[in-house]
Structures are given as structure tokens and as C-alpha cells.
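In: Attaching a predicted model along with its sequence, questions to come.
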Amino acid sequence: MKYVDFKKFTDENGAQPIYLFEGEEVYFRERGESMIKSRYLQEPTLDYASFDGNALKGEKLKNLVDAVNCFPFVSEKRVVRVTEFYPTEKDYDFYLKDLFENPPMGSILLILNGGKGKAGSAVLAKKPNVTHVDCARSDEETIKKWIYITCKRAGVYADGITCGKIAAHCVYDMARIASETEKLLGYCAAEGIEKLTDGIVEELVYPDAEYKIFELSKALAAKNYSAYSRIVKELSTRGYNETQLLSSLAGYFRGLYETSLCRGGDKEVATVLGVSEFIARKNREQAAKFGKERLLDLYESVYSAISAIKCGEMTPSSALKSATARLFF
């Protein structure tokens, strides 16, 4: 199941003997662990144990098995956590099979993995009594759903557009999205507001610099000089100097140009560039607005301005003005 469905599943089904939180999104893995511990672990000192999966090989796996088979002293459940746990099929069959097939009723085994492991690793998601929670980097719709559900639980309504604005302002980073959503809900509670609006989001959630660079490129694509100037001014008030701005623009245009050279769909482009499918799709959409030749020209214009600063031919302020003139005129 996706992480956004995990709380509902737990509410309806209660404690399960083995949970596998698997995926790159650290926030989801940590929140899943926190939810289980808050519900079933009343005395961490006596009823909690943690292991590093990388250290559990061969005979050492017995330590994990013994920890899970212990009865809880005070808590409703004994909780045993293991991170980055990728046993081989051979070790699973010899040491772990009985634990997975006949897990003790008084314990919960939490497995927190950032990936699926190397070839030859046991596929834990398919083992008996394992509740698999997908903690992979989320697409836009999943993130918007998470924001919507979180707001709804707090008694605040947020439509899809507003949820999307929160996600975009946070550059789809779940840790920041969670923090900003909590801040917004706190504001709504204090002011007695039952509906979250775009205006509130704009007022309280400042877009990350990365998102501002994205907005700069949109202004360039639209030949909107006033919007471009406004965003540059906003970035300068957030501690971005001219050299940092030019470097960010150069990196952004280079990324779009490389994206424009890739063939295949979003999945293939994501694999080549090492980004998520969502980012690959957004980059392809943005690159299409410029075209390959225009992107290369934009990159070279900004890069030449950076070179002029490094060589002492221009001050950072003059270099930014020169680059802006080339970008627009």
C-alpha cells in the first residue's frame, strides 16, 4: 500500500506482526515507525530494540530473532526495529523463515529499508505476514492527496489547486511539506479558519529558491521581463547574490538541455538523469517550451557571464545585467 493509506489501514486492521517500510522517502519511513511506536509501545526502555541490518549476517541473525520472540514487559507490544535489512534467501530460509511464518503475537518487527537490496536479497515484501508500505518518492497526485487528507483530519478543507501550490512551493520535498502544512493548520486553528486558500499559502509559505528558479525560467519562456525582475528581487532579499543566481540558472538550463536530448518516455528519461519520473515529466514540459537550440543559447549566455566574473572582466552585478540583456533582447 502507499504510505498515504497506511493510517487508515492501521485504524481498520490494528497491529500487524511485521511491517516493511520500503522506499527513498525518509519522512514516510520515520513517520510510519513513529505511528506504530506511539500506538503500541508504552515503555521504550524495556520493550524496544533496534538493529543495524548491515551488521546482521549469518549467526548474528539469531539476535534479531531472539529480540522479536521476547514478551513485552509493560507495553501492549514489544517493538523491534531493523534498518537497511537485506538478508539473502539462504539466510532467510535458515534463520528467518520460521519467524516470518509464525510471528509471536506480542511483538512487532519494523523493517525500514531505503531500497530493495542487491540481487540475491530475499524479497521481504512477498514473505508471509509482511505488511508492505511503499515509501518511494511520491508523484504529485500522491503528495496532494497526503496534504488534503492531513488537512481534512484537522477539520480544514483544502482543494486540489491549493494542495498543489503547497507542494510546488516546497519543491515536492515531503519533510518541508509536512512542516509547512503543520504551520498552515496551526494558523487556521488560531484564526478559526475552516478553508485553506491560495492567499493564505502565498502569505505563509515562501517558495524554495529552486522553485523560484523554475518561475524565472517560466518568465523567460513567456518573455515576461517584469515578472523576471520581480523574482530576481525576491531572491536577493532571501540572501541570493548575483553569482549564486547565475550559477543556479546555468545549472537549471543545462538540466533542461540534457533533458531535451533524451529519448523515450518519462521513466526512461528519469533513469538516465537519475531523477524521479515526476521531475523528469516537469523538466520535459519546460524544455519543450524553449526548444533545444534556445536552451543551449540560454545556458551559454549565463555561463559566459559567470566566466566573466571569474576572470575579473565584470562585477557580479554587471554580469547579471549583461546576462539578462542577452536572455531577453
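Out: Nice, thanks for sending it over.
In: distance between the ends of stretch 51-71?
Out: One end of stretch 51-71 to the other measures 18 Å (Cα to Cα, to the nearest Å).
In: what's around Ala323, how many residues?
Out: By other Cβ atoms under 10 Å, 24 other residues sit near Ala323. Backbone N, C-alpha and C define where each C-beta goes, glycine included.
In: Test my guess that it contacts Ser301.
Out: Yes - under the criterion of Cβ atoms under 8 Å, Ala323 makes contact with Ser301 at 5.7 Å.
In: Ser138 versus the spatially closest residue to Tyr27 that is not a sequence neighbour, what's the distance?
Out: Among residues not flanking Tyr27 along the chain, Met174 sits closest, at 4.1 Å (Cβ to Cβ, 6 or more residues apart in numbering). When distance is defined by Cβ to Cβ, to the nearest Å, Met174 is 7 Å away from Ser138.
In: what sits in contact with each of these two?
Out: Contact with both Met174 and Ser138 is made by residues 25, 146, according to Cβ atoms under 8 Å, 6 or more residues apart in numbering.
In: Which one's more surrounded, those two?
Out: Ser138 (26 against 21).
In: Secondary structure class of the more buried one, three-state.
Out: coil (DSSP: H, G, I helix; E, B strand; the rest coil).
In: next one: Leu296
Out: The three-state assignment at Leu296 reads helix, by three-state DSSP.
In: Chain neighbours aside, what residue packs nearest to it?
Out: Tyr257 (5.7 Å).
In: Equivalent analysis for Ile309, please.
Out: In space, Ile309 is closest to Ala319, 4.9 Å off (Cβ to Cβ, 6+ apart).
In: just Ile279 next, same as before
Out: Nearest non-adjacent residue to Ile279 (Cβ to Cβ, 6+ apart): Ala270, at 7.2 Å.
In: how far does the host helix or strand of that neighbour sit from the chain's center?
Out: Secondary structure from DSSP states H and E places Ala270 in helix 266-273. How far helix 266-273 lies from its chain's middle: 17 Å, per Cα atoms, centre = their mean, to the nearest Å.
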